[in-house]
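Got a sequence here, can you model it:
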Amino acid sequence: MSKALDEASAKVPADPRALAQLRRHIELGELEEVKAALPGTPRYLVTFMRSQTGVPVRSATVVSVTNQASRPNLVTVSWFLGFSNNSSPVGTASMIIPPDFQVDFGSRNLPGDLTVVNAIPSPELTSDEGRAIISSRLPEIGVSARLYYTSGDKDEQLLAISDSNVVCFGQGNHGD
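Modelled structure (predicted):
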């Protein structure tokens with residue numbers, strides 16, 4: 001990850017103070033992708049996700065998570081097919097997020113010109129539709145989700161962005 005900080009990209013802050021703080025968090029292990037983490041407690045449900053590449057209108061879902069806790073928080077996004085239970089995700093991605101930092105979890109990678117995706121499942125989701133469950137070790141997280149619709153073999157053209165509904169896990173929508 002430190003090599004990526006030396007490159008000019010949308011994933012690296014331009015402000016020298018912000019870049020120094022980001023490097024410090026990485027050195028301390030407070031911002032890192034964790035490959036085989038056990039998810040924490042389920043906190044939120046993204047009620048609809050779609051990730052398609054083999055069709056004329058392509059799609060990807062991006063879940064933004066902000067750590068509002070006072071210490072680093074391990075966050076996992078688990079992606080599930082619509083007609084399946086919560087025991088077998090088709091993909092997961094986990095990151096340790098420092099306090100006040102925000103990370104974008106994507107169902108697959110998207111060009112940086114559209115949005116920055118910090119963590120994706122392996123393998124990326126390319127023909128999936130369903131939901132996502134956001135889990136964390138500490139409860140203080142903020143979550144939003146969007147669905148990007150694109151066209152072109154490399155998502156060159158943005159067609160639309162829609163918000164996906166996010167609800168507290170294990171609870172209903174309450175009319176929203």
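
And the residue nearest the centre of the chain, its phi and psi?
The centroid of the chain falls nearest to Phe105 when counting by Cα atoms, centre = their mean (1.1 Å). Main-chain dihedrals, Phe105, degrees, to the nearest 10: phi -100, psi 130.

How many neighbouring residues does the residue nearest to Gly106 when sequence neighbours are not counted have?
Sequence neighbours aside, Val117 is the residue nearest to Gly106 in space, at 3.6 Å (criterion: Cβ to Cβ, 6 or more residues apart in numbering). Where you see a C-beta, it was placed from the backbone N, CA and C, and this is true even at glycine. Val117: 23 surrounding residues under other Cβ atoms under 10 Å.

Val117 touches Asp104, doesn't it?
Yes. The criterion here is Cβ atoms under 8 Å, and Val117 meets it with Asp104 at 5.3 Å.

so what sits against both of the two?
Counting by Cβ atoms under 8 Å, 6 or more residues apart in numbering, the common neighbours of Val117 and Asp104 are Val62.

Sketch out the helices for the protein, chain order is fine.
With helices called from DSSP state H, the chain shows them at 2-6, 16-27.

mind listing what's buried in stretch 156-174?
158, 164, 166 (16 or more other Cβ atoms under 10 Å).

How about stretch 137-149?
Using 16+ other Cβ under 10 Å as the test for burial, stretch 137-149 gives 137-138, 141, 143-149.

Adding distance to Gln68 as columns, could you present the residues you listed in CSV?
Below are the buried residues of stretch 137-149 laid out as CSV (distance: Cβ to Cβ, whole Å):
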residue, distance to Gln68
Arg137, 13
Leu138, 9
Ile141, 6
Val143, 10
Ser144, 13
Ala145, 17
Arg146, 20
Leu147, 24
Tyr148, 25
Tyr149, 30
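
For Tyr148, which non-adjacent residue is spatially closest?
Nearest non-adjacent residue to Tyr148, counting by Cβ to Cβ, 6+ apart: Ala60, 5.1 Å away.

what about the one you found, how many neighbours?
Ala60 has 27 nearby residues by other Cβ under 10 Å.

Nice, that's everything, thank you.
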